[in-house]
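Engineer: Take a look and give me a structure for this.
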Amino acid sequence: MPLSSCPLESVSALRVSGPQGADLLHAQLSQDFQHWNADQGRLAALLNPQGRMLADLIAVQWAPEQVVLLLDASIATAVLQRLRLFVLRLKCTLDDASPALQRHGLLGLVDDYPPHLAPPAQPWGVRRLESGALLLRLPQADGAVRCLLLSDGTTPAQAALQAALGGMPTVSASAWALQDIRAGVPHITAATQQLFVPQMLNLELIGGVHFKKGCYPGQEVVARTQYRGTLKRRTYLVSSAAPLRAGQELVHEVDPGQPCGVVVNAAADGDGRWWALAELKIALAEQPGLHADAADGPALTLGTLPYALTALD
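Structural biologist: Residues are numbered from 1 along each chain as shown. Just a heads-up that it's a prediction; the model follows:
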């Protein structure tokens, strides 16, 4: 398959600048930002005090003392405002860098990538290109290698790179979203804010929670879920012949009177079948009888994630 690109217009880029920007992120997010190599991206969650997710964020070190946070555009303004509340006397500033930073997804087999765009060896790896652009490798579900390319066009080499992207075959936004879904990487949107603790979305299984970094808002709930309680809900891959949408309630025939889960993200494949990451009660997830909206609504079929779901007992 030829290397293809997708303009990521649904992804915003927030910029944290200053010598104490990493300290702010370390204190507010679920990830360790004090022991962080520039050749690694970081997946993290922003939580409310009750441990519910306000956002998932992918962080990369764009420049010295400058971190870029990538997140769904529908929640970017609210997240920016919330993080600014905690700057206080820290030597850092936050702004929306989306107008300045171009975001593109790249998809292809590893041999489809030309040498100047050679992807990092592992997911969450980061490579700084000679042009000054940044390439972040994302988790994948099959043989197609996914990368996120950040560039600002401030050099002729970056401007040429951006122009070259326009000549590549295009991946639709829906097809790109489907890649995330099949890879088991969930994203919080405006429709699903404050619904989940990180473990409900399998975030600790894909590197989004650091359990030894110390306190941050919601940390006690996350730790208690991990070490003391039995997790009753997880995120699964499901599919349906009918359209699915983020925030949509799911119902099981065993207990039709109340929802058993909710759609996190959804996208259609080329054949018109819809795929979704769905947060579900573990006790019902693998039993036949799952439907969208109501017990007599569209039937859902359970799929297979590319990683194993572990129990927290």
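Engineer: Can you give me the end-to-end span of stretch 30-37?
Structural biologist: Using C-alpha to C-alpha, to the nearest Å, one end of stretch 30-37 lies 17 Å from the other.
Engineer: avg pLDDT for it?
Structural biologist: Confidence for stretch 30-37, expressed as mean pLDDT, is 96.
Engineer: buried residues in that stretch?
Structural biologist: S30, Q31, D32, F33, W36 (16 or more other C-beta atoms under 10 Å). (Each C-beta comes from the backbone N, C-alpha and C, glycine too.)
Engineer: same thing with stretch 125-139?
Structural biologist: Buried-residue list, stretch 125-139, by 16+ other C-beta under 10 Å: 125-127, 129, 131-139.
Engineer: Surely L80 is within a helix?
Structural biologist: Yes - L80: assigned to a helix according to DSSP: H, G, I helix; E, B strand; the rest coil.
Engineer: Please name the residues that touch the residue lying closest to it once chain neighbours are set aside.
Structural biologist: Spatially, and ignoring its direct neighbours in sequence, L80 is nearest to L14 (5.4 Å; C-beta to C-beta, 6 or more residues apart in numbering). By C-beta atoms under 8 Å, 6 or more residues apart in numbering, the contact set of L14 is V68, L69, L71, A76, V79, L80, L83, L94, D95, D96, A97.
Engineer: Looking at the residues you listed, which is nearest D112?
Structural biologist: Ranked by distance to D112 (C-beta to C-beta), the contacts of L14 are led by V68 at 25.8 Å.
Engineer: how about the nearest residue to that closest one, chain neighbours excluded?
Structural biologist: Counting by C-beta to C-beta, 6+ apart, the nearest residue to V68 once its immediate chain neighbours are dropped is W62, at 4.4 Å.
Engineer: Give me the pLDDT value at A311.
Structural biologist: A311 carries a pLDDT score of 69 in this model.
Engineer: meant to ask about G166
Structural biologist: pLDDT, G166: 88.
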